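[1] need a structure here:
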Amino acid sequence: MQPIHRPSSLIEDNPKKPLTLACYFCRKRKIACQSPPANSPDRTCNQCAKRKLKCVYPATSRRGIRPRVYDLQDDRLPRPPAPLSL
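    As a prediction, this is how the structure comes out:
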């Protein structure tokens, strides 16, 4: 089996820029969260800095496909009968 050769135009030359996440305060208020540059020692966003709050970022993004959670009890319980129509 031979490897598939793809044209160089399909391969991205630039790595994707890091995903910027809003801190918890900005998420709650639904306001723009401008995080500082990645090399900055202080990770406080502009909104928290204005208010002198502790700026806390979530560990992961909420974007994309979320994993499905299966409840095993749902499979074991019988389904209720359909309502009778008169």
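[2] Alpha carbons only: can I get stretch 51-58 in CSV?
    C-alpha atoms of stretch 51-58 as CSV (Å, rounded to 0.1, in the frame of the first residue of the first chain):
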residue,chain,number,x,y,z
ARG,A,51,-12.3,45.9,38.5
LYS,A,52,-9.2,44.6,40.4
LEU,A,53,-10.6,41.0,40.4
LYS,A,54,-8.8,37.7,40.4
CYS,A,55,-9.0,36.5,36.8
VAL,A,56,-9.5,32.7,36.4
TYR,A,57,-9.7,30.9,33.1
PRO,A,58,-11.3,27.5,32.4
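[3] For residue 47, the count of nearby residues, please.
    For residue 47, the neighbour count with other C-beta atoms under 10 Å is 18. For the C-beta atoms, the positions are set from N, CA and C on the backbone; glycine is no exception.
[4] what helix or strand does it sit in?
    helix 46-51 (DSSP states H and E).
[5] Over that helix, what's the mean pLDDT, rounded is fine.
    Helix 46-51 shows a mean pLDDT of 94.
[6] Against which helices or strands is it packed?
    If you count contacts as 3 or more C-beta pairs under 8 Å, 6 or more residues apart in numbering; DSSP states H and E, helix 46-51 packs onto helix 24-29.
[7] at 6 Å what do you get?
    Contacts defined by 3 or more C-beta pairs under 6 Å, 6 or more residues apart in numbering; DSSP states H and E place helix 46-51 against no helix or strand at all.
[8] Having no further points to raise, I will conclude here.
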